[in-house]
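Q: Fold the following.
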Amino acid sequence: MFLNKTKTLKTVCIFYMLFFSISIFAQQSPVDYVNPFIGTSNYGAAFPGPIAPRGMASISPFNVAGKKNTPMEKDSQWLSNPYVNENNFLTGFSQVNLSGVGCPELGVILLMPTTGKVEIDHLKYGSNYSNEIAKAAFYSVNIDKYKVKGEFTASTRVGVSRFTFPKGQSNILLNLGLGLTNEEGAMIKVVSSTEIEGMRSVGSFCYNSPEDAYPVYFVAKFSKPADKFGVWKKTPKYNGVEAQWMGYNGKTRMMENTIKTVVGDSIGSYFTYKFEKQETVEVKVGISYVSIENARENLEKETGKKSFDDVYKDTYNEWNEELSKILVEGGSNDDRTIFYTALYHTLIHPNILNDYNGQYPEIKRTKIGKTDGTRYTVFSLWDTYRNMHPLTSLVYPKQQSDMIKSMLEMYDENGWLPKWELNSTETFTMVGDPASIVIVDACLKGIQDFDIYRAYYAMLKGADKTEDNPLRPGLKEYIEKGYLSTNYAGPVSTTLEYNTSDYAISLLAKALGEKDDYKRFAKRSLSYQKLYDKDLKLLRPRTANGKWYEPFDPEAGSNFQTNVGFIEGNAWQYAFMVPHDMRGYIKLMGGDKVFSDQLQKVFDLKQFDMANEPDIAYPYLFNYVKGQEWKSQEMVKKLVQEYFQNKPKGLPGNDDTGTMSAWLIYSMMGIYPISPGDPIYTITTPMFHRITIKLDLRYYKKESIVIERQENNDGKINSIEVNGKPHNSFFISHEDFVNGKTMKVIQN
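A: Residues are numbered from 1 along each chain as shown. Below you'll find the predicted structure:
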């Protein structure tokens, strides 16, 4: 009898424990699943510090300087992130950063708390650290050397730090000499014992356009007045006769209690406190790309008298509102974590450039513009046109509309649509003409609250002007021959990108009733066929005289190695990069079986690269072959499990400003925008039982669309239903999708 009572009591306890854990699990908000450490290893180039949705300001621990951080050290290799999870030597907290990019830039204006005597050499004042915590809008860490705790949050244009110091002398350093950018030059001035203002020069993204380096302005305000303050400047060392008279040659100048402006490369300031007990100091750093005055206004208007906790609460709520546009049910805790962290990553860039008052620097910085809306920046379009911008059109259409308006403003300022724009600098990085694809994709999905004809004519200029065209180098040869020859870098890759853009332009021309343009660009979009080698069943480069380039190795160029014919890839990774004409390509190759067999070879030969854009849609291409759709279902699930995990190395590589994350979001929802520019999705197995996408009624007719998975034994998809009716295709138009109520995927 006693044993039975014990068993009963144990059962009841287990039941309540299970019920309680399920209740807690169910009560978690989307924002609580974000793990900013995902992507901070394996070259993901994410940072764990706080940022507001599409924020201008951000804070990242800076741990990529100094030999103690080798081999992942900023001066030892090509490194594009201010933080690497494996590193353990911290030299400060940068206030402006980029997420998931492939080239070093920003990562400047570093705050660093220390104790004891003021030391201004970052290799000496740097410290090991421990007990990192990262959440959406919050990061904290213990700085071991000084027994100081650092906590960080951010509003849109202001980074907020809170340092808890022990008793004794404490210092807050602001270092303008250290950074991730390759540019130098700065200015700093201590305004008072509670305020510093200044500027840091940045630029030369991907080592391009050094003449277009530009300033980022800041104002830092401290919650407690410093007992002492000062500015330092490291001066260069001179040789020769003149050096004999320079007592200060190569020495560091320490200028105590000065409020004069100091200019130089390696400069900074320090605020010193004498604490009788443990104390905290909050530091707010306002950012602007226009002026110091605007940086100060951004700080005052956004954070004013708000405490650290107030700012954190506001930004936390902003993140939760944005992330709650997609609600998932079912799946494991890790599934939800990687999903919402991916959605978080897609909401960092493009980010806001305009100040609180609407001002922003125009491209070329010949004047200051002003907007009543939002001016966006950081358009990594070669990456993001494939899936990230289509995701934004679906879930955040107002943001996408403002992004397109920003692109059209850039056209007015610069004469060209953007290619890879960064803080009003056109870097012209990568190949192709991707802005056209983004605009057409959005327009055909119903986002049309912008000047469509203005956009159309901007596209035509980029697609037709054969002289001095920075968007489409070699355009004259492309129009005459249908392809670029080996006279140009990456001719096959570039031809395919031009084809994809031309197809998008043809779609808009058709929608606008521009029949001649429609026919012209539709024809141009098929010129990839001239690069198809029917013997190899691959696309390969031709020389200027039309002959195949020799010697030709289809595998040359993998792992980002330079090769003739392709940019960031090889012949296998570009073998099927004709998303706009896949059915035509199947016919060109000789039918379904040849196509399917050749596609399978990409994976069997281990040529598929999950970490790069040209082939990331390939797992979905089996959906074009009747009876082979199960391969897409299995392949996508396998890739998600292998490459996307709840750990720092949980991205397959560089996130490319949210592109890899967008791939994951679509893959876990069970749809994918298979042909950029085309308003169409292909369908595979959802990885949650239920997914609710909230729709913006300003652009869509329904409040939401629900994707459901009816799972019998986790097998192949047996049938698909839309609004309870059979849907006999693995493809669905955007219009049918958003105007439906439910899409149910039923497995065997």
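Q: use CA for all of it now, contacts and neighbours both
A: Fine.
Q: which one is N87 nearest to, not counting chain neighbours?
A: Of all residues not flanking N87 in the chain, N69 sits nearest, at 5.5 Å (CA to CA, 6 or more residues apart in numbering).
Q: Tell me how far the one you found lies from Q77.
A: 12 Å (CA to CA, to the nearest Å).
Q: again, but for T181
A: Distance from T181 to Q77, by CA to CA: 14 Å.
Q: Looking at these two, which one has more neighbours?
A: Using other CA atoms under 10 Å as the criterion, T181 and Q77 rank with T181 on top: 23 against 10.
Q: ok, so what distance separates the more buried one from G286?
A: Taking CA to CA, one finds T181 at 19 Å from G286.
Q: Under the pLDDT cut-off, which ranges of this protein? List them.
A: 1-27, 713-714 (pLDDT under 70).
Q: Look up which helix or strand the closest residue to M687 other than its chain neighbours falls in, please.
A: Distances taken as CA to CA, 6+ apart place M668 nearest to M687, at 4.8 Å, with adjacent residues excluded. If you go by DSSP states H and E, M668 is part of helix 659-669.
Q: Around N88, count how many other residues there are.
A: The number of residues near N88, taken as other CA under 10 Å, comes to 16.
Q: do the same with G590
A: 12.
Q: how far away is it from Q598?
A: Counting by CA to CA, the gap from G590 to Q598 is 11 Å.
Q: Phi first, then psi, for A435.
A: phi -60, psi -40 (degrees, to the nearest 10).
Q: any idea which residue sits dead centre in this structure?
A: Closest to where the C-alpha atoms of the chain average out (CA atoms, centre = their mean) is T657, at 1.5 Å.
Q: Would you mind measuring from the closest residue to I683 other than its chain neighbours to L323?
A: Nearest non-adjacent residue to I683, counting by CA to CA, 6+ apart: I671, 4.6 Å away. For I671, the distance to L323 (CA to CA) stands at 18 Å.
Q: residue ranges of the helices in the stretch 501-650 of the chain, please?
A: 515-524, 582-589, 592-604, 629-643 (DSSP state H, counting those that start in this stretch).
Q: Could you tell me which residues make contact with the nearest residue to L475 once chain neighbours are set aside?
A: Nearest residue to L475 in three dimensions, chain neighbours excluded: T466, at 5.4 Å (CA to CA, 6+ apart). Taking CA atoms under 8 Å, 6 or more residues apart in numbering, we find T466 in contact with 474-476.
Q: Give me the secondary structure label for the closest residue to K649 other than its chain neighbours.
A: Leaving aside its chain neighbours, K649 sits nearest to S41 (4.6 Å; criterion: CA to CA, 6+ apart). Here S41 takes the coil state, with states given by DSSP: H, G, I helix; E, B strand; the rest coil.
Q: Could you check how far S41 is from V492?
A: S41 sits 32 Å away from V492, taking CA to CA as the criterion.
Q: Spell out the secondary structure type for K68.
A: helix.
Q: Who are the contact partners of it?
A: Counting by CA under 8 Å, 6+ apart, K68 makes contact with 88-89.
Q: Counting neighbours, which of the contacts of T466 comes out on top?
A: L475 (24 neighbours).
Q: Check the gap between it and S380 for me.
A: Taken as CA to CA, the span from L475 to S380 is 22 Å.
Q: Kindly report the same for G268.
A: From G268 to S380 the distance is 32 Å (CA to CA).
Q: Share the number of residues neighbouring N182, please.
A: 18.
Q: show me the contacts for it.
A: Applying CA under 8 Å, 6+ apart, we find N182 in contact with 104-105, 202-204, 207.
Q: and if you look at N128?
A: Counting by CA under 8 Å, 6+ apart, N128 has contacts 88-90, 143-145.
Q: just M589 next, same as before
A: 534, 537, 595.
Q: at 10 Å what do you get?
A: 532-535, 537-538, 583, 595-596, 598 (CA atoms under 10 Å, 6 or more residues apart in numbering).
Q: Show me which positions of stretch 699-716 end up buried.
A: 699-700, 704-710, 716 (16 or more other CA atoms under 10 Å).
Q: The residue lying closest to K702 once chain neighbours are set aside: neighbour count?
A: What sits nearest to K702 in space, not counting adjacent residues and going by CA to CA, 6+ apart, is N739, at 6.1 Å. N739: 16 surrounding residues under other CA under 10 Å.
Q: distance of N739 from K325?
A: Separation of N739 from K325 (CA to CA): 17 Å.
Q: Got the phi and psi for E409?
A: Reported as degrees, to the nearest 10, the phi and psi values for E409 are phi -60, psi -40.
Q: was I right about A134 contacting Y33?
A: No. The pair A134 / Y33 is not scored as a contact, 11.1 Å apart, by CA atoms under 10 Å.
Q: Tell me who's in contact with N545.
A: Contacts of N545 (CA under 10 Å, 6+ apart): 485-486.
Q: any idea how far it is from I567?
A: On the measure of CA to CA, N545 and I567 end up 22 Å apart.
Q: that older thread, neighbour-wise, which of S41 and V492 wins?
A: Neighbours per residue (other CA under 10 Å) separate S41 from V492, with V492 holding more: 27 against 24.
Q: Need the three-state assignment for I287.
A: Classified using three-state DSSP, I287 is strand.
Q: so it touches I59, yeah?
A: No. I287 is not in contact with I59 according to CA under 10 Å; the separation is 11.5 Å.
Q: Now do the shared contacts for the two.
A: By CA under 10 Å, 6+ apart, the residues touching both I287 and I59 are 95-96, 109, 158-159.
Q: Can you get me a residue count around the closest residue to Y585 other than its chain neighbours?
A: Of all residues not flanking Y585 in the chain, V578 sits nearest, at 7.6 Å (CA to CA, 6+ apart). V578 has 21 neighbours, counted by other CA under 10 Å.
Q: right, and V578 touches L538 too?
A: No. Applying CA under 10 Å, one finds V578 not in contact with L538, separated by 11.8 Å.
Q: which residues touch I292?
A: Residues in contact with I292 (CA under 10 Å, 6+ apart) are 197-199, 216-219, 286, 298.
Q: Return the subset of these lying in strands.
A: The strands, defined by DSSP state E, take in 197-199, 216-219, 286 from these.
Q: So which of these is surrounded by the most neighbours?
A: G286 (31 neighbours).
Q: shouldn't that one be in contact with E195?
A: No. The pair G286 / E195 is not scored as a contact, 11.2 Å apart, by CA under 10 Å.
Q: Quickly list what's touching both of the two.
A: Joint contacts of G286 and E195 (CA under 10 Å, 6+ apart) are 219-221.
Q: mind checking the end-to-end distance for stretch 230-246?
A: 23 Å.
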